[in-house]
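Novice: the following block contains a protein sequence and its predicted model.
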Amino acid sequence: MSTSTPLRTALIGVALAATALVPLQGTALAAQPGTNATATTTSSVSGIEDATALALARSLADPDWSREVRRAALAADSVGLGALTDDANAPAGRKLAARITAADRGVAAAKGLGSGVGPLLRLGLADASMKDRLAPGTAPLVAAAPSDDDGASTFTAYDSRGAAHELPLDIAPDRPVYLVDIDGAKAVTEGLKVIDKTLESKGLGLPAPSAGTSLSAASGIDTTRIDSVRLGDVEEPFFKGDAEIFTLVTGFGKDGKPRVDTVEMPYLNKEDTTYYPGQVLVNWSNYKYDMADAVMMEDDGDTNYQALAKAIATVLLTITDQGAYIPLVDALLDAIPTAWWTDDPDYVDSWYTLARSSSGQRNGAAGNGWMTVSPYHVPEL
């Protein structure tokens, strides 16, 4: 899931939808029949996905295994590649299992998630409409989920001979395409745990005091709740699936140090859709002042959460409490290296100076979304 710099570049319009079919020779721009391809060999998530796509494509030369993959693709929108190969009956699938296990470990390492996160690689069709074309005997292509923000007009897919086909992003191919991608929701969940743990170790996200020990909330906790939220552009072309949105809430903690709290937003995955989550955004018992900021972002494939947390900590640790609230949005965004704006966490929008008393609609500073908020008191049990 990707974009270069959200709101700095236009989203590439993509339409691999079921339109008039185009002959494959018209869309395979660079492949020569029988020409074997060499997949990207970098240790990045996109590189691992590409190498996995090529390996899977070659394995589909086994007709029994191809039938197993076809059945799985028709049964669900996406399936775990690790489980698919581990449970394979066909020799080609079983042979691929060890490679998929290693690839899953590589993805976890590239995203800074550690070895305990479990499988992340998944497989599905580029678009649901392709199910109608996934007939018995069909020879689908396999591709890594394309990036939509590197200026490219094509993406690479592989056939069972290992030949590369450069497919346009805006013209429908005449045969189905399997996409190798990661489980974005799982990656965000585990990634935010990494950020929380890393920032806490730096003193930037210490646990909140209990309600009973907070003088300002002796009978509970004051919070700001999101009543509704809408984004105009979640920076996701449809073939990349749902966006994986999270928010970083920043302010000064009770100890006077900058603080970052992470908020997972798994429901917020479609643009131009209003959601009514009733979700707590700010827990005011965490903060010294009655104001905080919120930066909304989305996970884009190659996000390394460990590196992101360290970069944020490095910048915020240079900021000292001057005895009054100051916005931390710009400091947080400045912590993200410029190179990360491509295939990494995308800046979606930000909200400055959310007050404990804030109520009603608040428009994002970038004009990319809005949310309605209200004070919400959580009573002590």
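Specialist: Perfect, thanks for sending it. Note that the coordinates shown come from a computational prediction; the quantities given were computed from them, not determined experimentally.

Novice: please tell me how far the nearest residue to residue 222 once chain neighbours are set aside sits from residue 297.
Specialist: In space, and not counting its chain neighbours, residue 222 is closest to residue 284: 4.5 Å by CB to CB, 6 or more residues apart in numbering. In short, each C-beta sits where N, CA and C put it, glycine included. In this view, residue 284 and residue 297 are 22 Å apart by CB to CB, to the nearest Å.

Novice: assumed residue 47 was part of a strand.
Specialist: No - using DSSP: H, G, I helix; E, B strand; the rest coil, the secondary structure at residue 47 is helix, not a strand.

Novice: going forward, begin numbering at 41 instead of 1
Specialist: Shifting the count to begin at 41 puts that one at residue 87.

Novice: distance check, it against residue 163.
Specialist: When CB to CB is applied, the distance between residue 87 and residue 163 equals 17 Å.

Novice: also residue 389?
Specialist: Remark: distance between residue 389 and residue 163 (CB to CB) = 32 Å.

Novice: work out which residue lies at the spatial centre of this protein.
Specialist: Central residue of the chain (CA atoms, centre = their mean): residue 339, 3.0 Å from the mean position.

Novice: just checking, that one touches residue 286?
Specialist: Yes - contact status for residue 339 versus residue 286: in contact at 7.1 Å, counting by CB atoms under 8 Å.

Novice: which of residue 87 and residue 163 has more neighbours?
Specialist: Neighbours of residue 87 and residue 163, each counted by other CB atoms under 10 Å, are more numerous for residue 163; the result is 23 against 17.

Novice: quick one, what contacts the closest residue to the more buried one other than its chain neighbours?
Specialist: Beyond its immediate neighbours in the sequence, the residue positioned closest to residue 163 (CB to CB, 6+ apart) is residue 121, lying 5.2 Å away. Contacts here follow CB atoms under 8 Å, 6 or more residues apart in numbering; on that basis residue 121 touches 92, 96, 140, 143, 144, 159, 161, 162, 163, 220.

Novice: with residue 110 instead?
Specialist: So, once contact is read as CB under 8 Å, 6+ apart, residue 110 ends up touching 174, 176, 178, 180.

Novice: one more time with 6 Å, if that's ok
Specialist: Contacts here follow CB atoms under 6 Å, 6 or more residues apart in numbering; on that basis residue 110 touches residue 174.

Novice: what's the helix or strand for it?
Specialist: Taking DSSP states H and E as the definition, one finds residue 110 inside helix 103-115.

Novice: just the C-alphas of that helix, formatted as PDB.
Specialist: Backbone C-alpha positions of helix 103-115 (Å, rounded to 0.1, in the frame of the first residue of the first chain) are rendered in PDB as follows:
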ATOM      1  CA  PRO A 103      -0.900 -28.500 -12.900                       C
ATOM      2  CA  ASP A 104      -1.900 -30.100  -9.700                       C
ATOM      3  CA  TRP A 105      -0.500 -27.200  -7.600                       C
ATOM      4  CA  SER A 106      -2.000 -24.700 -10.000                       C
ATOM      5  CA  ARG A 107      -5.400 -26.200  -9.400                       C
ATOM      6  CA  GLU A 108      -4.900 -26.000  -5.600                       C
ATOM      7  CA  VAL A 109      -4.000 -22.300  -5.800                       C
ATOM      8  CA  ARG A 110      -6.900 -21.700  -8.100                       C
ATOM      9  CA  ARG A 111      -9.300 -23.300  -5.600                       C
ATOM     10  CA  ALA A 112      -7.900 -21.200  -2.800                       C
ATOM     11  CA  ALA A 113      -8.100 -18.000  -4.800                       C
ATOM     12  CA  LEU A 114     -11.800 -18.600  -5.700                       C
ATOM     13  CA  ALA A 115     -12.700 -19.500  -2.100                       C
END
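
Novice: which of the residues in that helix are buried?
Specialist: By neighbour count with 16 or more other CB atoms under 10 Å, helix 103-115 contains the buried residues 105, 106, 108, 109, 110, 112, 113.

Novice: for this protein, which spans come out with low pLDDT?
Specialist: Along the chain, the model assigns pLDDT under 70 to residues 41-83, 187-191, 245-258, 273-282, 340, 377-385.

Novice: give me that answer again for 80
Specialist: Screening the chain residue by residue with the criterion pLDDT under 80, one finds the ranges 41-83, 154-155, 186-193, 209-214, 243-259, 273-283, 340-343, 373-387, 421.

Novice: residues in contact with the lengthiest helix in it: which ones?
Specialist: Identified as the longest helix of the chain according to DSSP state H is helix 131-150. Residues from elsewhere that reach helix 131-150 (CB under 6 Å, 6+ apart): 83-85, 88, 92, 95, 99, 102, 105, 121-122, 125-126, 128, 157, 159-161.

Novice: hey, C-alpha coordinates of it in CSV?
Specialist: Provided in CSV are the C-alpha atoms of helix 131-150 (Å, rounded to 0.1, in the frame of the first residue of the first chain):
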residue,chain,number,x,y,z
PRO,A,131,4.9,-31.5,-4.9
ALA,A,132,5.5,-28.0,-6.3
GLY,A,133,3.6,-26.5,-3.4
ARG,A,134,5.4,-28.5,-0.8
LYS,A,135,8.7,-27.6,-2.3
LEU,A,136,7.8,-23.9,-2.1
ALA,A,137,6.9,-24.0,1.6
ALA,A,138,10.4,-23.5,2.9
ARG,A,139,10.9,-20.5,0.6
ILE,A,140,7.7,-18.9,1.7
THR,A,141,8.6,-19.4,5.4
ALA,A,142,12.0,-17.7,4.8
ALA,A,143,10.2,-14.9,2.9
ASP,A,144,7.8,-14.3,5.8
ARG,A,145,10.8,-14.0,8.1
GLY,A,146,12.4,-11.6,5.8
VAL,A,147,9.3,-9.4,5.6
ALA,A,148,9.0,-9.3,9.4
ALA,A,149,12.6,-8.3,9.6
ALA,A,150,12.3,-5.6,6.9
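
Novice: quick check, distance from it to the centre of its chain.
Specialist: For helix 131-150, the gap between its own C-alpha mean and the chain's C-alpha mean amounts to 21 Å (CA atoms, centre = their mean, to the nearest Å).
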